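[1] give me the fold of what follows.
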Amino acid sequence: MTKKNIRNKELYMESIKRGSLVGGIIWVCVVIFISINYKTMGKAALPWLVPMLAGYIVLGALLQLGTVKKRMINGLAALWSIIIIMFALICIAYYIPDWIRYIIVLSFFVLVVIWVGDYWYLSRMARKLNQGRSGYALCISLKEKPSSKEDFLRKFEDYCARENIRLEYEVKDVPAIVLMDGIRCEVRLDSTPGFGGAEYMMKVTEE
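    Residues are numbered from 1 along each chain as shown. Okay, the predicted model is just below:
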């Protein structure tokens, strides 16, 4: 098995774990909501708690795995998708029991909060890393995954040109070994599950 296949497998497994955790968090929020409103919805919802837990875990894992495999859309398009789904839920709300409607709306709201929080955390960490302090890595965000080694190196060269960084290659590959203004660094492609999809970046680490 190649290093790329191993890395993809690790990323998928991490995404499944993360998605399962997200599903579990949503289920806990639903249980708390049902407990608070037990008089009005407890009896109807109680028999469904265990099946809901299994469903949330499976759906959470599939949702997160789908984002990594780029089966979902990212960024602003993902936000518009959320608005469209919310509108669809409002349209069908009249035809489903109240307790199911409340649970669906709550679940969707918690999922959006988790996504927004994750996106904010990644942005905050990227800003810290980009301060370039000793012991930290530089993360350069990418709009999409590079299509080839040449595409990856071209994007990195464009970044160095924009920042007026003198670039020299020692190893012209992925990962690459470079000199940035005389400082020896490793440049590799990295990714992490993020808001509405996998976030790709070039990670520059001083050696």
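
[2] wasn't Ile140 part of a strand?
    Yes - the assignment for Ile140, made by DSSP: H, G, I helix; E, B strand; the rest coil, places it in a strand.

[3] contacts only, for it.
    Taking CB atoms under 8 Å, 6 or more residues apart in numbering, we find Ile140 in contact with Phe156, Tyr159, Met201, Met202, Lys203, Val204. For glycine as for every other residue, the C-beta is placed from the backbone atoms N, C-alpha and C.

[4] per-residue confidence for Met125?
    If you check Met125, the pLDDT there is 60.

[5] give me the distance from the host helix or strand of Ile26 to the chain's centre.
    In this assignment (DSSP states H and E), Ile26 forms part of helix 3-36. Centroid separation between helix 3-36 and its chain, computed with CA atoms, centre = their mean, to the nearest Å, is 11 Å.

[6] same question, stretch 109-117
    With CA atoms, centre = their mean as the basis, stretch 109-117 stands 11 Å off its chain's centre.

[7] now swap in stretch 98-116 and tell me
    That offset, for stretch 98-116, works out to 18 Å (CA atoms, centre = their mean).

[8] list the buried residues of that stretch.
    By neighbour count with 16 or more other CB atoms under 10 Å, stretch 98-116 contains the buried residues Trp99, Arg101, Tyr102, Ile103, Leu106, Ser107, Val110, Leu111, Ile114, Trp115.

[9] out of the residues you listed, which comes closest to Asp190?
    Checking the buried residues of stretch 98-116 against Asp190 with CB to CB, the nearest one is Trp115 at 20.1 Å.

[10] tell me the secondary structure for that closest one?
    Assigned with three-state DSSP, Trp115 falls in the helix class.
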